[in-house]
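K.L.:
only geometry, no sequence info:
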């Protein structure tokens, strides 16, 4: 795995419309800016267009042991929320803000370094702005930043000296590895870095670029505009292109790719996210490579695999199962939402996990008492019972269908025999919520030769009741 970024003095890293920058110049700016930052602080970022200044700010933070905080965008609401964080130690930007450090003004002010500069990967904080203006911060640890960068290099199929055209806004978090770190790690140059501000594609793409990186929305506009001059290879990292846009590009010989996005670690339960990331990064590797990777991951773990065309899914699942407590799920692709983020709820459903990452409990433990015409079954509904999933977030309850199938039916089969033919359920009433941890009593009373009344109670409170009618008489005191 990559241990960091290495800036070589003579590498041409940025070749923009108004300036060029080699590794020695970039390294000098990194060292100079790092000297101005407080050690180990959280540093708020606001970069709208200057990819080179953003790279300097990012590496300077890591060199100083700081954690960059990337707001949702460089506009005032997102930046203001980031600046209000009590732990903020500095503010770096390329905007017209009258506070903080305007990084572009620091570029080219120090003599270029003659020796290579190595900067280890550090953590990154991604901010998400809520409707009420509050800022939720999710951290991507250095290990995941390194993995995402390594994946971006592979996604781009680049070698040293090749060029990429980067149209992502610099501080767009998911594109950090693909748009900034990947090209730097591969010692490539960014030939155009408009930062995604262009409303329409240029008339003639820069043919020097081996790959063009841009948001999906930008490429959709390209397709709608009917541009005739197109690059050969384009990469997105947010939402994949939809069917019509994809067909428009492929019909014109353009190679489309969906690259690695930088994902926060703490959206999934601890221990699960790291394992998911490790396996997704393997892509179409064979089962033996996966098996070699697993011992270094947290165990016991849950794993989800993106199965590439060359992947033997059965062999891969078998390799995972050989690790004892691991639970494996092989999927055709990493599930993402419409914004290109990993869809955590879909991941957990794929892994047969509840929203908190726990394995669901699917069976109930019963204790039975039979006295004459009455049968009473008692059970406790586990906190992680499978039927609570989706019913409802923040207010879990057992719906009526689950009560009938999981609570009433076992009691009826106990009292009336499994072979009895149930004709209908009558007078169903659902009177009180049954939630996690509820200690329940299901009482069946023979009302007639072919009818049984039931009641579900919790701590003496009736939760539901009804009547079951059978095709034949009841079997009293079934064993």
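P.N.:
Perfect, thanks for sending it. The model shown is predicted, which means the values in this text are computed figures rather than measured ones. Numbering: from 1, shown residues only.

K.L.:
rest of the way, CA atoms for contacts and neighbours
P.N.:
Fine.

K.L.:
Tell me where the model's unsure across the stretch 301-450 of the chain.
P.N.:
301-345, 347-348, 350-351, 356-357, 418-420 (pLDDT under 70).

K.L.:
For residue 148, grab the count of nearby residues.
P.N.:
Residue 148 has 28 neighbours, counted by other C-alpha atoms under 10 Å.

K.L.:
mind checking how far it is from residue 174?
P.N.:
For residue 148, the distance to residue 174 equals 10 Å [C-alpha to C-alpha, to the nearest Å].

K.L.:
now swap in residue 37 and tell me
P.N.:
Distance from residue 37 to residue 174, by C-alpha to C-alpha: 25 Å.

K.L.:
same deal with residue 212?
P.N.:
16 Å.

K.L.:
So which of these two has more stuff around it?
P.N.:
More crowded of residue 212 and residue 174, by other C-alpha under 10 Å: residue 212, with 27 against 21.

K.L.:
how about residue 366, what does it touch?
P.N.:
377-379 (C-alpha atoms under 8 Å, 6 or more residues apart in numbering).

K.L.:
quick one, domains of this structure?
P.N.:
Residue ranges for each domain of the chain read 4-258, 272-350, 367-470, as given by automatic domain parsing.

K.L.:
most tightly surrounded among those?
P.N.:
When you average the neighbours per residue for each of the domains of the chain (mean count of other C-alpha atoms under 10 Å), domain 4-258 leads with a mean of 19.

K.L.:
residues touching residue 33, list them.
P.N.:
Neighbours of residue 33 in contact, by C-alpha under 8 Å, 6+ apart: 56-57, 60, 106.

K.L.:
In CSV, list those along with secondary structure.
P.N.:
Below are the contacts of residue 33 laid out as CSV (DSSP: H, G, I helix; E, B strand; the rest coil):
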residue, secondary structure
56, helix
57, helix
60, helix
106, helix
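
K.L.:
which one of those sits closest to residue 349?
P.N.:
Taking C-alpha to C-alpha as the measure, residue 349 lies nearest residue 57 of these, at 38.7 Å.

K.L.:
ok, now which ones touch the closest one?
P.N.:
30, 33, 92, 103.

K.L.:
Which residue ranges of the chain form helices?
P.N.:
For the chain, applying DSSP state H gives helices covering 23-34, 51-63, 76-83, 142-156, 182-185, 216-225, 243-250, 272-280, 287-293, 313-321, 344-350, 400-402, 409-416.

K.L.:
What's the separation between the nearest residue to residue 90 once chain neighbours are set aside and residue 67?
P.N.:
Spatially, and ignoring its direct neighbours in sequence, residue 90 is nearest to residue 43 (4.8 Å; C-alpha to C-alpha, 6 or more residues apart in numbering). As judged by C-alpha to C-alpha, residue 43 and residue 67 stand 6 Å apart.

K.L.:
what do you get for residue 93?
P.N.:
For residue 93, the distance to residue 67 - C-alpha to C-alpha - is 15 Å.

K.L.:
low-confidence ranges in the stretch 151-300 of the chain?
P.N.:
Within the stretch 151-300 of the chain, the segments meeting pLDDT under 70 span 192-208, 238-240, 242, 260-261, 263-300.

K.L.:
what do you get if the cut-off is 50, keeping everything else the same?
P.N.:
Regions of the stretch 151-300 of the chain meeting the criterion pLDDT under 50 cover residues 193-200, 203-204, 265-278, 280-300.

K.L.:
That one: strands as residue ranges?
P.N.:
Using DSSP state E, counting those that start in this stretch, the strands of the stretch 151-300 of the chain run over 163-166, 189-192, 209-213, 233-236, 255-258.

K.L.:
Ok, the stretch 301-450 of the chain next?
P.N.:
302-306, 327-331, 367-371, 374-380, 422-430, 439-448.

K.L.:
name the helices or strands packed onto the fourth one?
P.N.:
To tie it back to what came earlier, the one meant is strand 374-380. Strand 374-380 sits against strand 367-371, helix 409-416, strand 439-448, with contacts defined as 3 or more C-alpha pairs under 8 Å, 6 or more residues apart in numbering; DSSP states H and E.

K.L.:
Using TSV, please lay out the ones you listed together with distance to residue 353.
P.N.:
Formatted as TSV, these follow (distance: least, C-alpha to C-alpha, whole Å):
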stretch	distance to residue 353
strand 367-371	28
helix 409-416	25
strand 439-448	24
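
K.L.:
nearest to residue 143, of those?
P.N.:
When these are compared by C-alpha to C-alpha, strand 439-448 sits nearest residue 143, at 44.5 Å.

K.L.:
on contacts alone, who are the packing partners of the closest one?
P.N.:
For strand 439-448, the packing partners by 3+ C-alpha pairs under 8 Å, 6+ apart come out as strand 374-380, helix 409-416, strand 451-458.
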